[in-house]
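Trainee: Below is the sequence, then the predicted model.
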Amino acid sequence: MEGTDVTHLFPKRYFEELIDFGSEANRYGKSAIIDTNYLIQINLQDLISMLFETNYEARISNPRKKQMARLFRSMIRKEIALFFSNSMMREFLYVSPDKIDLIRQYTKYLCRVGSKRQLEPFFLDLASLLNVRAKMRGHRVDLLDTYSYVISNLAGIDFFVSEDGDVKGIFEYVNEIKNTDRLSKIREIGRLMKLNEILFNIEEGDFPLKRIIERLFLYHGRLTIPINIREITEDLPKASEKADSIVIFCETINEIEDYKEMIASGNAGLLLEARELVNSIFQSVQCEPVEPGKRIDVDNLYVDLIEKDGLWEKPEGLDEKHSALHQILQDIQERLYSQEEEGEYEDLEAFFNSALYEFEVEARCPCGHEFRTGIHYGGVVARENREMGPESLHVWNNEIDCPKCGKFLEIELELWEYPIGFLNNIDFDSYAEILNEYEIYHAIGIIPESS
């Protein structure tokens with residue numbers, strides 16, 4: 001499936017045992033999960049007509065049914081995979097018990113997505129944790145909507161079609177945290193983990209709670225985007241394709257801003273012109289312009305570009321300016337690599353395998369027992385292509401039972417490399433407290449942002 005791909009920085013192996021996901025979706029270009037508030041608006045005859053009558057959309061006036069027809073026709077053309085979540089279907093049965101035949105047809109044509117049955121209580125507890133923090137930050141949320149939104153992100157679904165403000169609320173909370181600096185993200189993850197200890201005490205050995213939260217806040221790709229299709233003038237695949245060119249352009253600007261101090265003086269004007277072009281689009285969709293030097297919130301922009309697709313057009317000269325921005329990134333990359341010293345190793349993976357294969361870790365189990373163990377280099381476990389080449393995740397890890405209480409403990413050190421050859425950030429993901437983490441950080445040659 002194109003679109004958001006969870007096999008990048010958070011490999012599928014972390015989530016494939018957690019969710020049920022329709023394999024048929026791999027044949028489609030985009031994907032969307034449909035909320036109950038859309039599904040219950042039509043009857044069985046409507047659905048059959050949407051699927052098989054090519055002129056259905058032209059002969060109806062109801063805007064919601066017209067948009068639903070566009071979605072289903074796009075699905076028939078294999079332009080978009082449509083999903084419903086298990087929780088939504090239970091909600092459907094509750095509010096529309098007389099529509100059993102309609103539900104059977106949905107089950108036939110739509111893909112089902114949800115947690116594995118034995119893990120649903122854990123996902124609902126996770127949704128509760130996220131909702132507590134979201135409400136504290138002023139967002140309106142709902143338990144089942146948050147559950148479905150988390151599942152959608154793990155499955156790599158592009159859009160969440162809903163008129164429900166609760167879906168928008170959980171998206172806004174996650175996106176708000178995602179757009180803070182890394183230290184703020186780490187602190188929010190810590191708050192959620194502490195809240196878990198107070199409310200549920202989910203054990204990491206039973207459910208990878210922290211890994212899922214990190215997927216939401218630390219992942220570089222786009223989140224599942226909540227879309228209200230009522231005002232869209234085109235069908236969703238075409239509206240999203242039109243918006244993609246702008247969003248990718250803005251992601252390139254953000255990438256350059258991260259290395260702004262390395263921009264050649266003659267290229268500074270190009271970056272300013274690119275921002276002016278983006279701000280003209282912001283004005284068209286009635287959004288506040290972004291000040292120079294500030295990152296563009298691409299996920300929220302994506303929502304506005306799709307939902308207000310009739311208010312804007314792709315600016316002339318966008319592709320030429322995008323090519324110029326790519327040249328700036330290439331210049332930055334060359335400057336970065338010119339600063340590297342020649343070494344005996346082909347790349348960092350070869351260096352770590354040879355020179356830093358193992359570290360001795362001093363750890364403290366939750367029971368209070370302190371012990372020593374080794375963590376071993378496991379190579380690059382995830383890679384995502386970005387503007388200046390791949391971003392790679394290196395890990396050192398070990399699994400051990402506490403020598404005193406026997407508790408299973410997994411210790412993992414994560415190191416991000418981007419661009420190639422440059423250490424970005426480092427962090428321990430461990431069930432035990434690491435007592436000598438800074439000795440290890442300095443041995444590698446990096447000070448973590450969270451320090």
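Mentor: In hand now; what should we look at? Everything quoted here is computed from the prediction, not taken from an experiment.
Trainee: Quick check: buried residues in stretch 137-147?
Mentor: 139-142, 144-147 (16 or more other CB atoms under 10 Å). Just so you know, the C-beta spots here come from the backbone N, C-alpha and C atoms, and that holds for glycine as well.
Trainee: Sort out for me which of those are in helices.
Mentor: Cross-referencing the buried residues of stretch 137-147 against helices under DSSP state H gives 144-147.
Trainee: Show me the shaky parts of this structure.
Mentor: Along the chain, segments meeting pLDDT under 70 span 1-14, 16, 21-28, 204, 335-346, 445-451.
Trainee: Now distance to residue 271 too, for the buried residues of stretch 137-147, in a markdown table please.
Mentor: Formatted as a markdown table, the buried residues of stretch 137-147 follow (distance: CB to CB, whole Å):
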| residue | distance to residue 271 |
| --- | --- |
| 139 | 33 |
| 140 | 37 |
| 141 | 37 |
| 142 | 41 |
| 144 | 44 |
| 145 | 39 |
| 146 | 38 |
| 147 | 41 |
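Trainee: Between those residues, which sits nearest residue 55?
Mentor: Of all those, residue 145 has the smallest distance to residue 55: 34.5 Å, by CB to CB.
Trainee: separation between the closest residue to that closest one other than its chain neighbours and residue 191?
Mentor: Leaving aside its chain neighbours, residue 145 sits nearest to residue 166 (4.3 Å; criterion: CB to CB, 6 or more residues apart in numbering). Applying CB to CB, to the nearest Å, the value for residue 166 to residue 191 is 21 Å.
Trainee: Between those two, point out the one with more neighbours.
Mentor: Per other CB atoms under 10 Å, whichever of residue 166 and residue 191 has more neighbours is residue 166, with 21 against 14.
Trainee: Name the next helix or strand following the one helix or strand that one maps to along the chain.
Mentor: Using DSSP states H and E, the secondary-structure element containing residue 166 is helix 165-178. Where DSSP H and E defines the elements, the next helix or strand beyond helix 165-178 is helix 182-199.
Trainee: Summarise which helices and strands that following helix is packed against.
Mentor: helix 120-136, helix 165-178, helix 209-218 (3 or more CB pairs under 8 Å, 6 or more residues apart in numbering; DSSP states H and E).
Trainee: of those, which approaches residue 152 most closely?
Mentor: helix 165-178 (9.4 Å).
Trainee: Send me the closest one as CSV with only the CA atoms.
Mentor: Extracted C-alpha coordinates of helix 165-178, given in CSV (Å, rounded to 0.1, in the frame of the first residue of the first chain):
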residue,chain,number,x,y,z
GLY,A,165,-15.2,16.1,16.3
ASP,A,166,-13.9,13.4,18.6
VAL,A,167,-11.7,11.9,15.9
LYS,A,168,-10.4,15.4,15.1
GLY,A,169,-9.7,15.9,18.8
ILE,A,170,-7.4,12.9,19.2
PHE,A,171,-5.7,13.8,15.9
GLU,A,172,-5.1,17.3,17.1
TYR,A,173,-3.6,16.1,20.5
VAL,A,174,-1.3,13.6,18.8
ASN,A,175,-0.2,16.1,16.1
GLU,A,176,0.3,18.8,18.7
ILE,A,177,2.8,16.6,20.6
LYS,A,178,4.4,15.4,17.3
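Trainee: tell me the angle of that helix relative to helix 120-136?
Mentor: Angle of helix 165-178 versus helix 120-136, following axes from the mean of the first three to the mean of the last three CA atoms, to 10 degrees, is 80 degrees.
Trainee: The nearest residue to residue 72 once chain neighbours are set aside sits in which helix or strand?
Mentor: Nearest residue to residue 72, sequence neighbours excluded (CB to CB, 6+ apart): residue 50, at 4.4 Å. For residue 50, the element it lies in under DSSP H and E is helix 44-52.
Trainee: Contacts for that helix next, please.
Mentor: Helix 44-52 has contacts (CB atoms under 8 Å, 6 or more residues apart in numbering) with 42, 56-57, 65, 68-69, 72-73, 76, 99, 101-102, 105-106, 109.
Trainee: The closest residue to residue 428 other than its chain neighbours - how many residues pack around it?
Mentor: Excluding the flanking residues, the one nearest residue 428 by CB to CB, 6+ apart is residue 434, at 5.0 Å. Other residues near residue 434 come to 17 when the count uses other CB under 10 Å.
Trainee: For residue 434, give the beta-bridge partners.
Mentor: Under DSSP bridges, the beta-bridge partners of residue 434 are residue 363.
Trainee: Next one: it from residue 96, what distance?
Mentor: Taking CB to CB, one finds residue 434 at 52 Å from residue 96.
Trainee: got it, and residue 287?
Mentor: For residue 287, the distance to residue 96 - CB to CB - is 37 Å.
Trainee: just residue 391 next, same as before
Mentor: The value you get for residue 391 to residue 96, if CB to CB is used, is 45 Å.
Trainee: Next one: the residue nearest to residue 428 from residue 413, what distance?
Mentor: Where residue 413 is concerned, residue 434 sits at a distance of 8 Å (CB to CB).
Trainee: ok, residue 80 to residue 228 distance?
Mentor: 16 Å.
Trainee: Let me see the domain layout of this protein.
Mentor: Here the domain parsing of the chain from automatic domain parsing is 12-226, 237-338, 348-444.
Trainee: Out of those domains, which one sits most buried?
Mentor: domain 12-226 (a mean of 18; mean count of other CB atoms under 10 Å).
Trainee: picking that back up, neighbouring contacts of the helix holding residue 166?
Mentor: The contact list for helix 165-178 (CB under 8 Å, 6+ apart) reads 35, 130-131, 133-134, 137, 139-142, 145-146, 148-149, 160, 162, 184-185, 188, 216-219, 223-226, 297, 299-300.
Trainee: so residue 69 sits right up against residue 59, yeah?
Mentor: No: judged on CB atoms under 8 Å, residue 69 makes no contact with residue 59 at a distance of 10.0 Å.
Trainee: Point to the residue nearest the middle of this structure.
Mentor: Nearest to the mean C-alpha position of the chain, by CA atoms, centre = their mean, lies residue 223 at 3.8 Å.
Trainee: Chain neighbours aside, what residue packs nearest to that one?
Mentor: residue 299 is the one closest to residue 223 (CB to CB, 6+ apart), at 5.3 Å.
Trainee: The one you found: helix or strand, and which one exactly?
Mentor: With DSSP H and E as criterion, residue 299 is part of helix 298-307.
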